[in-house]
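1. dropping a prediction and its sequence here:
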Amino acid sequence: MSDTQEVYQALMDLGFTEEDLEEEVRQKESKFHGFITKQGALFLIAKENGIQIRAEDVDPEAYAEAEQEVDYNEFIVPIEDLDKQMTNIVLLGKVTRIFPVNEFVRKDGTAGKVGSFLVTDASGTTKVVLWGEQVKIMESEFFQVGTTIRCINGYAKIGLKELLEVHFSKKSKLLLDPQDISKKMRSKLEQIPIPKGAGMNTLSKNTGEYEGYKGDEKLEVKDLFTKEGFIASLSGIITIGGLKEFTKDNGDKSFLLKLLLTDRTGEITVNIWGMSAIEILKMVENGMSVQLKNVFIEENEYSKSKEITFNKKSVIKFI
């Protein structure tokens with residue numbers, strides 16, 4: 001009889017049922033996000049219940065897993081080594097840019113959320129994409145440009161512009177400011193430069209505009225197709241595209257207003273979400289001249305065209 005069987009039997013003798021042990025193992029696998037084997041999980045359960053069984057014919061790694069919780073520092077992948085086939089990815093780096101959280105309507109009519117940010121380590125930078133409930137952590141006051149983070153159990157995916165991204169699944173986890181980092185690793189992280197105007201958390205207290213984008217820059221629609229990020233100001237003529245009502249995951253109703261902004265150089269879609277869509281729809285009419293301030297320009301994942309999105313700091317001014 002192998003030692004794994006002995007551990008299993010010893011736990012049964014303590015009063016565990018087969019169903020109990022199956023559930024305990026599942027919980028351990030869930031806790032360690034795929035970084036612990038079933039054998040390691042079983043030995044950890046044994047350790048927690050005072051059972052110590054060792055033998056030469058058992059994989060030493062199973063004992064190591066039981067001796068201490070998973071040290072994710074052992075699994076860190078340098079960003080430059082990411083490959084499109086990778087899963088169970090662990091990253092450690094600093095947030096160097098934050099993109100606005102976007103809402104979208106699924107084919108079944110329900111609402112979804114997607115958030116993303118750039119993370120940088122000593123070897124490079126990549127985009128991390130969060131979906132659904134996981135986006136909530138991006139709304140935390142502690143999640144900001146310059147924060148040290150650890151991404152656990154992500155998977156690699158080719159995103160927009162054929163760039164490699166790290167996406168989160170339901171089992172993925174994001175830790176803010178992890179403390180179990182070696183002095184050598186922490187020193188490397190401290191050397192990562194944080195660019196000015198890197199994202200949403202660089203709002204100027206004096207101007208109310210996002211740093212890194214000149215408020216007096218005279219942008220036209222044609223200029224937007226080579227840009228991505230926050231835009232301080234843009235003017236044009238408005239055409240109302242339509243208002244769509246949809247249901248969020250929590251059952252609440254929400255809205256999406258689409259406008260078309262046109263100037264002498266071209267046209268671009270403007271997306272306004274939530275109750276702001278209703279408020280602005282009451283004020284605008286086709287053919288109005290407007291100025292948009294503090295809006296976000298990005299590429300639509302499906303149409304591959306650049307679009308403008310309103311956020312909490314966005315303003316529409318009639319001129």
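-> Received the coordinates, thanks. Numbers count the residues shown, from 1 in each chain.
2. flag every buried residue along stretch 180-194.
-> Across stretch 180-194, burial judged by 16 or more other CB atoms under 10 Å covers I181, M185, K188, I192. Where C-beta positions appear, they are placed from N, C-alpha and C, glycine not excepted.
3. that stretch: how far from the chain's middle?
-> Relative to its chain's centre, stretch 180-194 lies at 21 Å (CA atoms, centre = their mean, to the nearest Å).
4. quick one: mean pLDDT over stretch 47-54.
-> Stretch 47-54 comes out with an average pLDDT of 68.
5. still on that earlier bit, of all the buried residues of stretch 180-194, which two lie farthest apart?
-> I181 and I192 (13.2 Å; CB to CB).
6. picking that back up, a markdown table for the buried residues of stretch 180-194, including pLDDT?
-> A markdown table is the format used below for the buried residues of stretch 180-194 (pLDDT from 0 to 100):
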| residue | pLDDT |
| --- | --- |
| I181 | 86 |
| M185 | 86 |
| K188 | 86 |
| I192 | 84 |
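7. ok, of those residues, which one's closest to G146?
-> For those, the residue nearest G146 by CB to CB is I192; the value is 8.9 Å.
8. do you have the strands of the stretch 151-300 of the chain handy? List them.
-> Assigned by DSSP state E, counting those that start in this stretch, the stretch 151-300 of the chain shows strands spanning 164-167, 173-176, 229-247, 253-263, 266-273, 289-299.
9. thinking again about what came up before, quick check, nearest of the buried residues of stretch 180-194 to K28?
-> For those, the nearest to K28 is I181 (24.1 Å; CB to CB).
10. wait, isn't the closest one in contact with N73?
-> Yes. Contact criterion CB atoms under 8 Å: I181 and N73 qualify, at 7.0 Å.
11. which neighbours do the two have in common?
-> Common contact partners of I181 and N73 (CB atoms under 8 Å, 6 or more residues apart in numbering): L92.
12. if I look at L130, how far off is I238?
-> Remark: distance between L130 and I238 (CB to CB, to the nearest Å) = 32 Å.
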